[in-house]
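fold the stuff below for me.
(one chain, ligands or ions: 2)
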Amino acid sequence: MAVKGLGQIDQQYDGSKLRIGILHARWNDSIISNLVKGCIERLKSFGVLEENIVVESVPGSFELPYGAKLLTEKQQKLEKPLDAVIPIGVLIKGSTMHFEYICDSVTHQLMKLNFDLGIPVIFGVLTCMTEEQAEARAGLIEGKMHNHGEDWGAAAVEMALKFRVEI
Ligand SMILES: Nc1c(NC[C@H](O)[C@H](O)[C@H](O)CO)[nH]c(=O)[nH]c1=O
Ligand SMILES: CC(=O)[C@@H](O)COP(=O)(O)O
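Ligands and ions are numbered 1, 2, ... in the order given. Reported below is the predicted structural model:
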């Protein structure tokens, strides 16, 4: 059994009332597509309704933090607030320092957004040294790793519901 991964879920979560935003980058599109697919499938496995999953895209991972903030605020203005947002991006090391700067700034800003927006913001960004690493983590290499998009869907549902108090 694999050591890496979310482990057993600690309780049954009913996602049928949740609204979840997925904001994905378009860089490295073939890998992104499978991560988004896995994420949506996992959300649905918790009962999240298709019509309550809002999927939007931005050009690259650098745009994810501000895009996630704008998406969340727009849904609030439309009186359809999100219970969690899942930014999804794939960063792959090139030949300059571009990768390091984007990984660092995006990670910090997404973490900060949790506190600024007051809803869970999941870390759906792969930061890989090679394309092969990214493909493996998107479940695209048979027999290697599972699709990490599934973990992000599960994390969103758990974090949206875990500390909720129904009055
Ligand atoms: N190299 C990667 C990028 N680069 C693009 C930036 O994220 C950004 O869209 C551009 O600089 C305009 O602001 N994005 C990724 O998602 N993945 C990469 O590997
Ligand atoms: C998107 C860029 O600015 C690009 O020049 C970065 O190059 P690399 O991915 O090789 O570091």
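
please make it C-alpha for all contacts and neighbour counts, starting now.
Will do.

residue 37: what secondary structure?
Reduced to three states with DSSP: H, G, I helix; E, B strand; the rest coil, the structure at residue 37 is helix.

wait, doesn't it sit right on residue 149?
Yes. With contacts counted by C-alpha atoms under 8 Å, residue 37 reaches residue 149, the gap being 7.4 Å.

where along the protein do the strands fall?
Assigned by DSSP state E, the strands in the chain fall at 20-25, 53-58, 84-92, 124-128.

need the residues that contact the shortest one.
Residues external to strand 124-128 that are found in contact with it (C-alpha atoms under 8 Å, 6 or more residues apart in numbering): 61, 86-93, 103, 134, 137, 149, 152.

ok, now with 6 Å
Outside of strand 124-128, the residues within contact range by C-alpha atoms under 6 Å, 6 or more residues apart in numbering are 87-92, 134.

chain center to the biggest helix by length in the chain: distance?
Scanning the chain for the helix with the most residues, using DSSP state H, yields helix 98-117. Here the centre of mass of C-alpha atoms in helix 98-117, compared against the chain's by C-alpha atoms, centre = their mean, to the nearest Å, lies 13 Å away.

and the contacts of it?
Around helix 98-117, the neighbours that count as contacts under C-alpha under 6 Å, 6+ apart are 65, 93, 120-121.

before we move on, back to that, neighbour count for residue 37 and residue 149, which is higher?
When residue 37 and residue 149 are compared on other C-alpha atoms under 10 Å, the one with more neighbours turns out to be residue 149, at 29 against 15.
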